[in-house]
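Chemist: Output the structure for:
(one chain, ligands or ions: 1)
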Amino acid sequence: MADNNFIPYHRPQISASEMEALSQDYYEKMDERRSLRMFSDKPVSRKVIENIILTAGTAPSGAHKQPWTFVAVGDSEIKKQIRIAAEKEEYTNYNGRMSDEWLDDLRPFGTDWEKPFLEIAPWLIIVFRKIYDVEEGQKKNNYYVNESVGLASGFLLSAIHNAGLVSLTHTPSPMNFLREILKRPDNERPFLLIPVGYAPENAEVPDLSRKKLEEISYFF
Ligand code: IYR
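Modeler: Next comes the predicted model:
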């Protein structure tokens, strides 16, 4: 027997045609989302970032352990420290640590080791995965941590887009420097570094297309 209290849960019944329209609208809305590597420095209120993080925190997780921490950095001095440390790692990545095939695969995106957006974007959200929890000094297991934190990060990106803002899933590697700069405990490992802000007036993105339904799905 489950030793949890169960409570009723209801969702409104939607007609098939309304459901088709809603799902189409949501797809079209999300299809407008793009990763941006350039940001306006226009401020974004802390309240918006709080709501975005709350949305990410609604993601499902293994045994409902919610094994995530979101650190939002708006402080210029800390953003600068993060930029310097990230660029140090990325310089090494782009100058020897990444394979030629990888560098070729990245060429269409125009990425390089320089990451000015880490100082320009009004907020950096750093997602940490908690590989275990600590309760009253005792280690507690978390389950499916990567899956859970990946899901929460997806929710985070869609909440950012829904708020009219843009983001980048930046992956400086290795990124342990984030744990040090942000003084996170031993059980937390950086997962993604996500700059958030307005798109600048002169924003440009690579001319990409998405895979077709037939390429990404099979129906039986
Ligand atoms: N971490 C590097 C390289 C990079 C990796 C992937 I996967 C990208 O989609 C883009 C870049 C960087 O952030 O520049």
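
Chemist: What separation is there between the residue lying closest to residue 34 once chain neighbours are set aside and residue 44?
Modeler: Excluding its sequence neighbours, the residue lying closest to residue 34 (CB to CB, 6 or more residues apart in numbering) is residue 205, at 4.7 Å. For glycine as for every other residue, the C-beta is placed from the backbone atoms N, C-alpha and C. Distance, residue 205 to residue 44, by CB to CB, to the nearest Å: 20 Å.

Chemist: now do residue 165
Modeler: Separation of residue 165 from residue 44 (CB to CB) stands at 6 Å.

Chemist: still on that earlier bit, before we move on, what SS does the residue nearest to residue 34 have?
Modeler: Under DSSP: H, G, I helix; E, B strand; the rest coil, the three-state class of residue 205 is coil.

Chemist: pretty sure it contacts residue 38?
Modeler: No - with contact taken as CB atoms under 8 Å, residue 205 and residue 38 are classed as non-touching, separated by 9.1 Å.

Chemist: shared neighbours, those two?
Modeler: None of the residues lies in contact with both residue 205 and residue 38 under the rule CB atoms under 8 Å, 6 or more residues apart in numbering.

Chemist: More neighbours: the two, which one.
Modeler: Shown here are residue 205 and residue 38; by other CB atoms under 10 Å, residue 38 has more neighbours (18 against 14).

Chemist: What helix or strand is that one located in?
Modeler: In the assignment (DSSP states H and E), residue 38 maps to no helix and no strand.

Chemist: Now it: closest residue in space that isn't a chain neighbour?
Modeler: residue 200 (5.4 Å).

Chemist: which stretches of the protein have low pLDDT?
Modeler: 1-3 (pLDDT under 70).

Chemist: which parts of it sit against the ligand?
Modeler: Taking CB under 6 Å from any ligand atom as the contact definition, the chain meets the ligand at 90, 93, 106, 109, 111, 170-173.

Chemist: 5 Å - rerun?
Modeler: The chain comes close to the ligand at residues 111, 171, as judged by CB under 5 Å from any ligand atom.

Chemist: quick one: the strands in the chain?
Modeler: Taking DSSP state E to define them, one finds strands in the chain at 68-73, 123-130, 132-135, 138-141, 166-167, 188-197.

Chemist: What is the fourth one packed up against?
Modeler: In other words, strand 138-141. Counting contacts by 3 or more CB pairs under 8 Å, 6 or more residues apart in numbering; DSSP states H and E, strand 138-141 is packed against strand 132-135.
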